[in-house]
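Q: My questions are about this predicted structure, shown below with the sequence.
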Amino acid sequence: MAVALLACLRLASEPAVSEFEQPLTITQRSAHTGEQPVTARSLGAPQRQADPRSPRSTVDRAPRSAVRRAQRPVAHAHDHDAALSASQEVVRDARPLGRYATPPIETRRSFDLVGLRWRGPARRVWLRARLAGGRWTPWARVDADDAEGPDLTSPEANKSLRHSLPAWAGGADAVEVRADRPLLDGHLHFVTTGRSGLRAAVATVGSWVARIAAPLARLFSPSAAHADSQPAIVPREQWAGDQCRPRRSPAYGTVKAAVIHHTVTLNDYSPDEAPQIVLAICRYHVQSNGWNDIGYNFLVDRYGRIYEGRAGGVEAAVVGAHAQGYNAQTTGIAELGTFDSDPQTEDGLRATAALIRWKLPIHGVPTSGTAQLESAGGSESRYTAGTVVTAPRVAGHRDLGKTSCPGDALYGELAQLRALVGDVPATTAGVPTAEVRVPRSLVTYGQPVTVGGTLQAPDGSPLAGTQVRLETLVARRWRTIIRVTSDAAGRWRARLRPRSTLVLRVRVPAQNGFAELLARTFTLRVRPRIVSSLRGSRSVYPHTVVRVRGRISPTSSTTQFVVLRAVGKGRRRVAVIPLQRDRSGRFGGAWRAPGRAGRYFLYVSARAPGLAWGRSEIAELSVVPGVGGGTLAPARSP
């Protein structure tokens, strides 16, 4: 069997959570045609088998008519739930569509979650895992679901890679993969949550259950007809710690509606397992999919606990990666589990309703009715780019994308969820809009730069007398460094002299009846300031001593005199000379020209802690034939 498996484990010394990968190529047809993949969507209860470690294990068979019904195509259902949508009679068995297969793939350590990525066209893919004791789980269909992911215009989008949905195993040591067609350049991605390292976090998460009960009781009292205070939300620090840090700073958009998802993981998880599943999903989204962070804005478990998802502030309009084409206009709420045929619990629904009753009104929109969303397009969006879509304020993912998410059962519960949410009006006059002008990404140390823009009310009129804050990220917390107020035309301007590279954002706090606006996050890269005697171009005789002098800021910078020689159409480095500097930042150095003629390029480079690399102006030097006793030849230009 032509299966290439080259282990490339990325292990740390017993971290609380870790990952490893195994490259995978499938080109051989399966020899085990008697095996039938089942349509379960998570790796859960093991199937009945003759030999626990045999890949030829047997499964319960469904009637042929039921199997045929399960294979009927479903309109707009191209994701992990599609096989179940056609028939609720078949829960476990389906015809063996995966004609290409691997043998059991042993892993060097146990894993809790597994997924697959590959290059090329979409494939139908199944996974199953071997649990402790040698029992094999049912097959889980984990086809690539592009409808769940970043917008195509987002820097997160990777159009060349396909990612399967992650499947939770909860402690396994082997996996098998099937596909309907050959699969090349694939990688299995495993996540181990490290239960011992998460005990403290799990205990802390458990303490949040009691805090949720009282707010929920008040929320659903008959007289409740107003927006509620923020429900108890488990912060990222409690379920992730430092184990799933975002790759980049968050982006911000607007919130016009809530989109409901399911995570396609097991439903019978314990309270202790829930935060582990959230962490595993986050690691998979970041490390395997290559996204900035976990795709969902919030997650809700079956016990009614709400988890903060993507970083950036639970009260902010953080752009997620959960509904292709609509991420910048919605908040994504994922129900932890698989809800094809099983419904979400009452506790889970009530917690979700509490979250929506708080979240939508603070962004200036009511909880009932419909929202106008403009599609950003994408292959898995139901609507082409630019199409204005009328969607419910509380929408299922399938309302916007070519997917059957959040599963038939949960989608059928959305009417109940909307009733629990009720008709809560907006608590603000809406969210203002802002045009933000930022300086170029690379600026010079200590030089003044300006960040500015204009503010408008939701109706387009200038927003005067409004405070704008420029904040910087320090130790993962935002701190205000400048406060300014917009003028009568809504214009504002903030000036600063950066002395280190900064991550900045523009924030307009809630005021004057308007909701808070997080307008833009950007990085201001600062390079050292170099004043050098190197400039222009000139000619010298061989062996001439060329001297350089100058001044550097900050004075902690390390400076070098760099010489390049022209070689064909390129340049080759021929000398790097450390430069001595005094306490005031003055530096000096020298280089002796070689004995042969040629063209050279000279500059001073500098590095300093917390700053970007910088260099001076490049000077051109021509070494010309002649004997000048070390004197300069006539200058070619000043």
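A: It's in.
Q: Only C-alpha atoms from now on, for both contacts and neighbour counts.
A: Will do.
Q: Start from the N-terminal end of the stretch 301-450 of the chain and give the helices.
A: Listed in chain order, the helices of the stretch 301-450 of the chain (DSSP state H, counting those that start in this stretch) span residues 346-362, 408-412, 414-421.
Q: Turn those into CSV, including mean neighbour count.
A: What follows is the helices of the stretch 301-450 of the chain, written out as CSV (neighbours: other Cα atoms under 10 Å):
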stretch, mean neighbour count
helix 346-362, 24
helix 408-412, 21
helix 414-421, 18
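Q: So which of those is nearest residue 625?
A: The closest of the helices of the stretch 301-450 of the chain to residue 625 is helix 346-362. By Cα to Cα, the value is 75.9 Å.
Q: ok, and what's touching that closest one?
A: Outside helix 346-362, the residues within contact range by Cα atoms under 8 Å, 6 or more residues apart in numbering are 216, 219, 227-231, 255-258, 300-306, 315, 333, 335, 366-367, 417-418, 420-422, 424-428, 515.
Q: before we move on, back to that, so which of the helices of the stretch 301-450 of the chain gets nearest residue 469?
A: Shortest distance between residue 469 and those, using Cα to Cα, is found for helix 346-362: 19.3 Å.
Q: Between helix 414-421 and that closest one, find me the angle.
A: Here helix 346-362 points in a direction 60 degrees away from that of helix 414-421 (axes from the mean of the first three to the mean of the last three Cα atoms, to 10 degrees).
Q: Could you give the average pLDDT over helix 346-362?
A: Averaged across helix 346-362, the pLDDT comes to 95.
Q: what do you get for stretch 193-211?
A: Mean per-residue pLDDT for stretch 193-211: 48.
Q: can you offset everything so residue one is 58?
A: Yes, from this point I'll number from 58; that puts the last item at stretch 250-268.
Q: Distance-wise, check residue 666 relative to residue 557.
A: Taking Cα to Cα, to the nearest Å as the criterion, residue 666 is separated from residue 557 by 8 Å.
Q: Report all helices and strands that the helix or strand harbouring residue 644 contacts.
A: Assigning secondary structure by DSSP states H and E places residue 644 in strand 643-649. The contact analysis (3 or more Cα pairs under 8 Å, 6 or more residues apart in numbering; DSSP states H and E) places strand 643-649 against strand 602-610, strand 627-635, strand 637-638.
Q: Now render the ones you listed as TSV, adding mean neighbour count and distance to residue 167.
A: Putting the helices and strands packed on strand 643-649 into TSV (neighbours: other Cα atoms under 10 Å; distance: least, Cα to Cα, whole Å) gives the following:
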stretch	mean neighbour count	distance to residue 167
strand 602-610	18	52
strand 627-635	13	49
strand 637-638	16	55
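Q: Would you single out the least confident of the ones you listed?
A: Per-segment mean pLDDT for those reaches its minimum on strand 637-638, at a mean of 92.
Q: How far off centre is stretch 634-641?
A: In terms of Cα atoms, centre = their mean, to the nearest Å, the centre of stretch 634-641 is set 43 Å apart from its chain centre.
Q: Residue 666 and residue 557: who's more crowded?
A: Each of residue 666 and residue 557 has its neighbours counted (other Cα atoms under 10 Å); residue 557 has more, 21 against 12.
Q: which residues in the stretch 258-407 of the chain form strands?
A: Along the stretch 258-407 of the chain, the stretches classed as strands by DSSP state E, counting those that start in this stretch are 290-291, 314-319, 355-357, 363-365, 387-392.
Q: Same list, the ones you listed, but as CSV with distance to residue 585 and mean neighbour count please.
A: Converted to CSV, those look like this (distance: least, Cα to Cα, whole Å; neighbours: other Cα atoms under 10 Å):
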stretch, distance to residue 585, mean neighbour count
strand 290-291, 42, 22
strand 314-319, 46, 27
strand 355-357, 41, 26
strand 363-365, 39, 26
strand 387-392, 41, 28
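Q: Got the domain ranges for this structure?
A: As recorded under automatic domain parsing, the domains making up the chain are 60-249, 254-478, 490-584, 586-680.
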